[in-house]
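Asker: Based on what follows, work out the 3D shape:
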Amino acid sequence: MEILGKLLGGIQRVKIMRLFLLNPDQGFEVDQIADRSRIQIAATRRATNQLAAMSLVKKKSFVKEVADGRSGKIKKKRVQGWFLNPDFPYIVELKQLLIEGDFFKHADLVKRFKPAGRIQFLVVSGIFIQNSESRLDVLIVGDHLKRSYIQKAIAVLESELGKELTYAVFEVADFTYRVSMYDKLLRDVFEYPHERLIMMKDFSTFAFPN
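Answerer: Residues are numbered from 1 along each chain as shown. Purely as a prediction, here's the structure:
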């Protein structure tokens, strides 16, 4: 991530580029970009304007749903926001570099989640193996896990990836029970492509029974 930042004008710009590349049809207001990327608003505005000057993004109006301040009812509002420019000549190359590449080493992912507790089983799928059909991106199984820490680690990853992650956290007993009940979510994870980053002894040969 640090090397990419140096090559492409800073980590903040890399985060914003990923956000647009992974959400090519979605419009974002500046405050949304800042929130999703976890970047201060001034820096977000500056980086977005730089990308606009390169024609990677362009500004146009779009309709979004907002909650009425008094009634709480959802209404539609037309706003100005930023979109990925589909005519940018190097979109394919940027996707290969920022999305399709191995931008998170397995050791780095393990290091991020280790402080969350005694993790017995850590599995990644989805965006981490370039499989858009996966139901989960991250599965964590362990004992006495710090869920608040995991939520923060996921939020940081989301800001770096530019995409919301789908994840599940289970205590070992709950995971074992779900396996015995042939839980559909877990079957969908383990019967399709995935990678196991942490496997304690009891999980080293894990598979659903036939």
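Asker: Going by C-alpha atoms from here, please, whenever you check contacts or count neighbours.
Answerer: Noted.
Asker: residue ranges of the helices in the protein, please?
Answerer: Counting by DSSP state H, the segments of the chain that form helices are 2-7, 11-22, 30-37, 41-53, 91-98, 106-113, 147-161, 172-180, 184-190.
Asker: got those helices as CSV, with distance to residue 59 columns?
Answerer: Output for the helices of the chain, formatted as CSV (distance: least, C-alpha to C-alpha, whole Å):
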stretch, distance to residue 59
helix 2-7, 24
helix 11-22, 12
helix 30-37, 11
helix 41-53, 8
helix 91-98, 17
helix 106-113, 35
helix 147-161, 22
helix 172-180, 46
helix 184-190, 38
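Asker: Excluding residues flanking it in the chain, which one is nearest residue 188?
Answerer: residue 135 (7.0 Å; C-alpha to C-alpha, 6 or more residues apart in numbering).
Asker: mind checking how far residue 25 is from residue 31?
Answerer: Computed as C-alpha to C-alpha, to the nearest Å, the residue 25 to residue 31 distance reads 18 Å.
Asker: neighbour count winner among the two?
Answerer: Each of residue 25 and residue 31 has its neighbours counted (other C-alpha atoms under 10 Å); residue 31 has more, 16 against 12.
Asker: which residues touch that one?
Answerer: Under the criterion of C-alpha atoms under 8 Å, 6 or more residues apart in numbering, the neighbours of residue 31 are residue 41.
Asker: Tell me which of the helices of the chain sits most buried.
Answerer: Of the helices of the chain, the one with the most neighbours on average (mean count of other C-alpha atoms under 10 Å) is helix 11-22, at a mean of 23.
Asker: got the angle between it and helix 30-37?
Answerer: Calculated by axes from the mean of the first three to the mean of the last three C-alpha atoms, to 10 degrees, helix 11-22 forms an angle of 100 degrees with helix 30-37.
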